[in-house]
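Colleague: Dropping the sequence and predicted coords here.
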Amino acid sequence: MDLDVDAAAGVLRAGGLVAFPTETVYGLGAHALDERAVRRVFEVKGRPADNPLIVHVASLDEVDRVAVPTPLARRLGGRYWPGPLTVVLDARVVVPAVTRGGLGTVAVRVPAHPLALELLRRSGLPLAAPSANRSGRPSPTTAAHVRADLGDTVPVLDGGPCTVGLESTVVDARGEVPVVLRQGSVGAEELGAVAGAGPQLGASPGTRHRHYAPRCEVVVADPREGAATAAALVAQGRRVALVGPPEAPHGVEHLASVDGAEDLGRRLYALLREAEDVGVDAVVVEAVPEDGVGRAVMDRLRRAAEPR
């Protein structure tokens, strides 16, 4: 069922769930301070309880409702919000443990999608919102992807395709130096320039779990080797799709050619789902250079390609 913004805000205020668009992926939203509503998010997704949720707020000033801001967080938020950056801070006591995944911290961001911001303003709530899919599946970047995974279990606020297509960069901003916990479209080099200090690398609790995997196998090929890799799989008697050069070998389903890392990042999850829909055994995707957003793209690809 599709909703307008006012109806969606009413559902959230009443303790219900709504799938809504952000610039990164569609989120499965619930009142972040309502323990019962947040538990329902975990149930609908089949999400592990130790995987904390990102809390979305309408502005930098709203962060104080759920977290203890730091000078670094204010500096990063002032530069990147609204936008695809999440900061991890010490949580306020009002944030339930289920939202925090049992940690003493909470992850917060201001999304850069007009419908998401309008929903936050009209509901008046901070919204806990992981991706609106079954846990472990490719993240949804259209309302149709949400419906394919969740069916009629939650209503959807349809805002069209997501413009970024990869989840936000996650940064621990409690200290003086940013610690990158998850790669995203905001790169480590940019963060270091804004923070005035080189970022460190850490690991998000969510990286312990399987993510982004379609029902078919994902094979990451070296650059310019996608066609040869796909042809070798076909020779083994497998049904294969290719994301790569426009000239696909005989017997290979050509899904798309992409124009660099940013284009692949924006389309990646939709292409993985399309490979499922055409019924192949494996989809071959050519690697991209690991600089800028390419780091995030390759992180998602490698995790999608992990053995089952």
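Modeller: That came in fine, so what should we check first?
Colleague: Which parts of the stretch 151-300 of the chain are strands?
Modeller: 169-172, 179-182, 200-201, 217-221, 240-243, 252-256, 282-286 (DSSP state E, counting those that start in this stretch).
Colleague: okay, these in JSON lines with mean neighbour count, mean pLDDT and distance to Gly83 next?
Modeller: Where you see a C-beta, it was placed from the backbone N, CA and C, and this is true even at glycine. Listed next are these as JSON lines, based on neighbours: other C-beta atoms under 10 Å; pLDDT from 0 to 100; distance: least, C-beta to C-beta, whole Å:
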{"stretch": "strand 169-172", "mean neighbour count": "26", "mean pLDDT": "96", "distance to Gly83": "9"}
{"stretch": "strand 179-182", "mean neighbour count": "20", "mean pLDDT": "93", "distance to Gly83": "15"}
{"stretch": "strand 200-201", "mean neighbour count": "12", "mean pLDDT": "76", "distance to Gly83": "21"}
{"stretch": "strand 217-221", "mean neighbour count": "19", "mean pLDDT": "97", "distance to Gly83": "28"}
{"stretch": "strand 240-243", "mean neighbour count": "28", "mean pLDDT": "97", "distance to Gly83": "27"}
{"stretch": "strand 252-256", "mean neighbour count": "18", "mean pLDDT": "95", "distance to Gly83": "26"}
{"stretch": "strand 282-286", "mean neighbour count": "25", "mean pLDDT": "97", "distance to Gly83": "26"}
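Colleague: Switch those over to a markdown table; also include distance to Val25.
Modeller: Listed next are the strands of the stretch 151-300 of the chain as a markdown table, based on distance: least, C-beta to C-beta, whole Å:
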| stretch | distance to Val25 |
| --- | --- |
| strand 169-172 | 13 |
| strand 179-182 | 13 |
| strand 200-201 | 23 |
| strand 217-221 | 18 |
| strand 240-243 | 19 |
| strand 252-256 | 19 |
| strand 282-286 | 18 |
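Colleague: nearest to Asp50, of the ones you listed?
Modeller: Smallest distance to Asp50 across the strands of the stretch 151-300 of the chain (C-beta to C-beta): 14.7 Å, for strand 179-182.
Colleague: Alpha carbons of the closest one, in CSV - could you do that?
Modeller: C-alpha atoms of strand 179-182 as CSV (Å, rounded to 0.1, in the frame of the first residue of the first chain):
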residue,chain,number,x,y,z
VAL,A,179,37.1,6.6,12.6
VAL,A,180,35.5,5.2,9.4
LEU,A,181,33.3,2.2,10.3
ARG,A,182,31.7,1.7,6.9
